[in-house]
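> quick one: sequence and predicted model below, then my questions.
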Amino acid sequence: MCLLACFLVVQYFSTVIVSKDVNILYVRKDKGIRVLELWNISNVYCGKFDNEHAYRNDYIDYVALDCIEALTVRIFQNDNKQLTLTYRSINSKNLESILSRKPDSAISPKLHDKRRVPLSTDQYRVNKGNYEFMWTNEEGVKIYAAMYYNSESSSTPKFYYSERDNGDTYDNPGDAEKPSGMRSVHKVRISITVKDEYRCNEDDFDHSNHMNKCPDFKPPTVTSTKTTYTEEIGSNVTLKCQHAANNDPVTKVEWLFQNIIGNSYGVQIVINTNVAKYGGSTVASPSLIIYNIMPDNIGEYKCQAFTDYASKPGSGPPIVVGLQGGIYSN
């Protein structure tokens, strides 16, 4: 009898599912990387967890939704003081969608482990001005947490949370960097709690694309040594363009053209360089060659360079092309 009972007890506990946490992403402050952009790239495993500027685990691209029990966002300082936001009932891997709803719990050790109860009437906003994430009260005058990014600043992102039960006063509803009274912290870390099942096992798949460092999403710098050309009809002209990658390599170059005459007046188009009329416009030779220039080729040109990860291309200055003795001539 005892043997049977003991066997059943052992059998019961051996089949209990134990959840585990998998670190998915973190971003340090002042490193020029957006949390949401890094999350939203796909099939990229990059960085080294807790030892680089940023880290992303491509496990999030493959794990089944029903494997995820919870998603946890930690906004924390090096002394491990932190605000921990936990979201359950995960039905989407879209981080913007998750952050736009009420977290199931919010805990801060500074508050003696008391729960700051999130309210359904609070505002949970993403991509508002320079804020990737904001948690405020219903009226928008008290703020509890924020992720700030300004593409014009070299010292973002910034991460903040309030140490007060009732939040800090949000006295500047614009794009001010730091709401008064907020605690500035070092990084954001995101993890998911997954079921301990074979199909949910992180170790049972190959990482799709491993990079030693995560991309920084800054567009390449594009310059032109000359911005005005006045040419004869029938001549060839080379519009100069140079690009310099800030971190991620340039993978594509294209030219925009805005005509000033004819049926396409004022319409900006992407030049199709796969025709005999043009040459260049490649990563290796970004300058654009226009053969046998005609009146319908006069107007404004612009060189653009793309990377795989930057949220927008790098753009050069407008280049004006005119005809001698005609429109846009000197």
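Looks like it arrived, so ask away.
> and the strands in the stretch 201-330 of the chain?
210-211, 221-223, 228-231, 237-239, 242-244, 250-259, 268-270, 278-280, 288-290, 299-307, 314-315, 319-323 (DSSP state E, counting those that start in this stretch).
> does the residue nearest to the spatial centre of the chain sit in a helix, a strand or a coil?
The residue lying closest to the centre of the chain (Cα atoms, centre = their mean) is Glu37, at 1.3 Å. Per DSSP: H, G, I helix; E, B strand; the rest coil, the local secondary structure of Glu37 is helix.
> chain neighbours aside, what residue packs nearest to it?
Spatial nearest neighbour of Glu37, excluding adjacent residues (Cβ to Cβ, 6 or more residues apart in numbering): Phe217 at 5.2 Å. (Glycine included, C-beta is placed from N, CA and C.)
> who's in contact with Cys241?
For Cys241, the contacting residues are Val222, Thr223, Ser224, Val253, Trp255, Pro286, Ser287, Leu288, Cys303, Gly316, by Cβ atoms under 8 Å, 6 or more residues apart in numbering.
> got the domain ranges for the protein?
Per automatic domain parsing, the structural domains of the chain span 20-211, 221-323.
> those domains: lowest mean pLDDT?
Mean pLDDT across the domains of the chain is lowest at domain 20-211; the value there is a mean of 86.
> run the chain-centre distance for that domain.
13 Å (Cα atoms, centre = their mean, to the nearest Å).
> first-to-last residue distance for it?
Terminal residues of domain 20-211 are spaced 25 Å apart (Cα to Cα, to the nearest Å).
> cool, and stretch 306-314?
This stretch, stretch 306-314, spans 7 Å end to end (Cα to Cα).
> give me the buried positions along that stretch.
Within stretch 306-314, the residues scored as buried using 16 or more other Cβ atoms under 10 Å are Phe306, Thr307, Tyr309, Ala310, Pro313, Gly314.
> excluding its backbone neighbours, what's nearest the third one?
Pointing back at Tyr309 there. Of all residues not flanking Tyr309 in the chain, Pro215 sits nearest, at 3.6 Å (Cβ to Cβ, 6+ apart).
> is it true that that neighbour touches Arg34?
No: assessed by Cβ atoms under 8 Å, Pro215 is found out of contact with Arg34, at 10.6 Å.
> how about His243, what does it touch?
Pro220, Thr221, Val222, Thr223, Val250, Val253, Val283, Pro286, Cys303, Ala305, Gly314.
> so what's the closest residue in space to it that isn't next to it in sequence bridging to?
Take His243 and drop its neighbours on the chain: the residue closest to it by Cβ to Cβ, 6+ apart is Ala305, 3.9 Å away. When bridges are called by DSSP bridges, Ala305 pairs up with Val253, Gly314.
> that older thread, neighbour-wise, which one of the contacts of Cys241 leads?
When neighbours are counted by other Cβ atoms under 10 Å, Cys303 leads these with 28 neighbours.
> what residues are up against it?
Contacts of Cys303 by Cβ under 8 Å, 6+ apart are 222, 224, 239, 241, 243, 253, 255, 286-288, 315-316, 319.
> would you mind measuring from the residue nearest to it when sequence neighbours are not counted to Arg125?
Spatial nearest neighbour of Cys303, chain neighbours left out: Cys241 (3.7 Å); criterion: Cβ to Cβ, 6+ apart. Cys241 sits at a distance of 39 Å from Arg125 (criterion: Cβ to Cβ, to the nearest Å).
> where does Val188 fall, secondary structure wise?
strand 187-194 (DSSP states H and E).
> in its sheet, which strands sit next to that strand, and in what direction?
Its sheet considered, strand 187-194 pairs with strand 20-28 (antiparallel), strand 68-76 (antiparallel) by DSSP bridges.
> which stretch among these comes nearest Gly140?
strand 68-76 (19.7 Å; Cβ to Cβ).
> got the contact list for that closest one?
With Cβ under 8 Å, 6+ apart, strand 68-76 has contacts from 19, 21, 82-88, 90, 98-99, 103-104, 145, 147, 159-161, 185-195.
> in PyMOL, how would I select just the buried ones from those?
In PyMOL, a selection of the buried entries from those looks like this (16+ other Cβ under 10 Å):
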select buried, resi 82+83+84+85+86+87+90+98+99+103+145+147+159+160+161+185+187+188+189+190+191+192+193+194+195
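> how about stretch 275-295: buried residues?
Across stretch 275-295, burial judged by 16+ other Cβ under 10 Å covers Tyr278, Gly279, Gly280, Ser281, Pro286, Ser287, Leu288, Ile290, Ile293.
> can you check stretch 125-142 too?
Arg125, Val126, Asn130, Tyr131, Glu132, Phe133, Met134, Trp135, Thr136, Asn137, Lys142.
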